[in-house]
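**Student:** Generate coordinates for the sequence data below:
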Amino acid sequence: METRPQTSPRPSAANANVGLARLDLAAFALALIFLLSGLFTLGNYGISWDEGLGNMFFGNRYAQYLLGFDEKYLDFATILPEEQAGMLQLEQYTPFRDRAHEFPGLIDTLSASFMRVFAYQLGLADPVDAFHSFTIVLAAIALLLQYYYVTRLASRPVAFISMLLVATYPRFWGDMHFNPKDVPEAVLFGLAVLSFAVWANKPSW
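**Tutor:** Have a look, this model is predicted:
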């Protein structure tokens, strides 16, 4: 039986695959540049009003509680000795101790964990910068997830353009340095919408 010789892929198809691979690489490079540009400019931003009033206080309390499940850290009305001796000493002055519901517990806890590790334990950053760094890391990861989801919904070129538009949006880039509420909320809401859109195209459990 005569066998046909194997033929190589058409040049156009091969070129298309190379182009798509380059888009994937460009998306990763864009997310990396976005991350580094945010981290290296942290020193240009200070603490925001909301952070000083509650985000850092509640975030530190929740993080401390999760380390040992000591319920004293959930008694927000009490000023603890370690708070009086802390580097920032913001906790003892906040008048919002009874407003825990106004501050995002999950994001504040993760931000405070970054502060404890990178500022207090490793000494790699200022406490405020370390607290802010979590939101920047979250935003960079969100860009990659956006690229992945939009690729499934449309195409790689469309996904890269959408990623580029978000990454270069001034309000998003600027606010991620000191806004622990709006930026994480936008990220989580956006990813939830994209996840639902992907599922709606091919429903499965």
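**Student:** use CA for all of it now, contacts and neighbours both
**Tutor:** Noted.
**Student:** low pLDDT regions in the protein?
**Tutor:** Scanning the chain for pLDDT under 70 picks out 1-19, 84-92, 205.
**Student:** Select the longest helix from it.
**Tutor:** Counting residues, the longest helix found in the chain (DSSP state H) is helix 11-40.
**Student:** Counting by contacts, list what that helix packs against.
**Tutor:** If you count contacts as 3 or more C-alpha pairs under 8 Å, 6 or more residues apart in numbering; DSSP states H and E, helix 11-40 packs onto helix 127-153, helix 156-167.
**Student:** in it, what's buried?
**Tutor:** Within helix 11-40, the residues scored as buried using 16 or more other C-alpha atoms under 10 Å are 23-24, 27-28, 30-32, 34-35, 38-39.
**Student:** Tell me which two in the residues you listed are the farthest apart.
**Tutor:** The most widely separated members of these are Leu23 and Leu39, with 24.2 Å between them, by C-alpha to C-alpha.
**Student:** Put together CSV for the buried residues of helix 11-40, with distance to Ala154 on each row.
**Tutor:** Converted to CSV, the buried residues of helix 11-40 look like this (distance: C-alpha to C-alpha, whole Å):
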residue, distance to Ala154
Leu23, 14
Asp24, 14
Ala27, 15
Phe28, 18
Leu30, 19
Ala31, 20
Leu32, 23
Phe34, 23
Leu35, 25
Gly38, 29
Leu39, 31
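**Student:** centroid residue for the protein?
**Tutor:** In the chain, the C-alpha closest to the average C-alpha coordinate belongs to Leu138, at a distance of 1.1 Å (C-alpha atoms, centre = their mean).
**Student:** Surely it touches Pro184?
**Tutor:** Yes: shown here, Leu138 and Pro184 form a contact pair, counting by C-alpha atoms under 8 Å, at 7.4 Å.
**Student:** Send me stretch 24-33 as CSV with only the CA atoms.
**Tutor:** The C-alpha trace of stretch 24-33 is given here as CSV (Å, rounded to 0.1, in the frame of the first residue of the first chain):
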residue,chain,number,x,y,z
ASP,A,24,1.3,35.3,24.7
LEU,A,25,4.8,36.4,25.4
ALA,A,26,3.9,40.0,24.9
ALA,A,27,1.0,39.6,27.4
PHE,A,28,3.3,38.1,30.0
ALA,A,29,5.8,40.9,29.4
LEU,A,30,3.1,43.6,29.7
ALA,A,31,2.0,42.1,33.0
LEU,A,32,5.6,42.0,34.3
ILE,A,33,6.2,45.6,33.2
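**Student:** where's it relative to the chain centroid, distance-wise?
**Tutor:** Between the centre of stretch 24-33 and the centre of its chain there are 16 Å (C-alpha atoms, centre = their mean, to the nearest Å).
**Student:** and if you look at stretch 29-42?
**Tutor:** For stretch 29-42, the distance to the chain centre is 12 Å (C-alpha atoms, centre = their mean).
**Student:** List of residues touching it?
**Tutor:** Stretch 29-42 is touched from outside by 129, 132-133, 136-137, 139-141, 143-144, 164, 167, 173, 176-177, with contacts defined as C-alpha atoms under 8 Å, 6 or more residues apart in numbering.
**Student:** Farthest pair within these?
**Tutor:** Top of the distance list for the contacts of stretch 29-42 (C-alpha to C-alpha): Asp129 and Leu164, 25.1 Å.
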